[in-house]
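Student: I'll drop the sequence and a predicted model, then ask my questions.
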Amino acid sequence: MKIKENDGAIIDVYAIYWIKGKTYFYGLIKEYGLSVFSADKVEVIDPTISGDFIFFEDGIFFKPLIAERILDDLVEGDPETYNCFIEILKMEGRTDSSCH
């Protein structure tokens, strides 16, 4: 899944969750980690969710985020966790070093 911010940036989505009837996305920000995006403020440009996603609490998450217990650290912008996540994405064939 991909979303587009108002500034035109294209963001890969690795989670969708719902709080009080509102939809949010966790999107991967280059050299940082995961950031929250409100569905009200972005455009979904590719609604396809492919890969290994699971339902967890109030959302659908890319499974390695939960299985590897790295979601919180990625949201907090931990650089070591970011690099680990990029390696997971490479192993899954979702990215290469030129993408991030």
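Tutor: Sure thing, it's come through.
Student: CA only for contacts and neighbour counts going forward, please
Tutor: Noted.
Student: phi and psi next, for Y32.
Tutor: Taking degrees, to the nearest 10, you get phi -130, psi -70 for the backbone angles of Y32.
Student: and if you look at R94?
Tutor: Note on R94: backbone dihedrals following degrees, to the nearest 10 are phi -90, psi -20.
Student: what strands flank the top strand by length along the chain, and is each parallel or antiparallel?
Tutor: Counting residues, the longest strand found in the chain (DSSP state E) is strand 10-19. Sheet neighbours of strand 10-19, with direction, are listed as strand 2-4 (antiparallel), strand 22-29 (antiparallel), strand 59-62 (antiparallel) (DSSP bridges).
Student: buried ones in that strand?
Tutor: Residues of strand 10-19 classed as buried: 10-17 (neighbour count, 16 or more other C-alpha atoms under 10 Å).
Student: distance to D73 and pLDDT for those residues - can I get that in JSON lines?
Tutor: Formatted as JSON lines, the buried residues of strand 10-19 follow (distance: C-alpha to C-alpha, whole Å; pLDDT from 0 to 100):
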{"residue": "I10", "distance to D73": "22", "pLDDT": "95"}
{"residue": "I11", "distance to D73": "19", "pLDDT": "96"}
{"residue": "D12", "distance to D73": "18", "pLDDT": "94"}
{"residue": "V13", "distance to D73": "17", "pLDDT": "96"}
{"residue": "Y14", "distance to D73": "14", "pLDDT": "96"}
{"residue": "A15", "distance to D73": "15", "pLDDT": "97"}
{"residue": "I16", "distance to D73": "17", "pLDDT": "98"}
{"residue": "Y17", "distance to D73": "18", "pLDDT": "97"}
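Student: and which of these is nearest T48?
Tutor: For those, the residue nearest T48 by C-alpha to C-alpha is V13; the value is 10.1 Å.
Student: so what's the spatially most central residue of the chain closest to, chain neighbours aside?
Tutor: The centroid of the chain falls nearest to Y14 when counting by C-alpha atoms, centre = their mean (2.8 Å). Distance criterion C-alpha to C-alpha, 6 or more residues apart in numbering; nearest residue to Y14, sequence neighbours excluded, is F62 at 5.3 Å.
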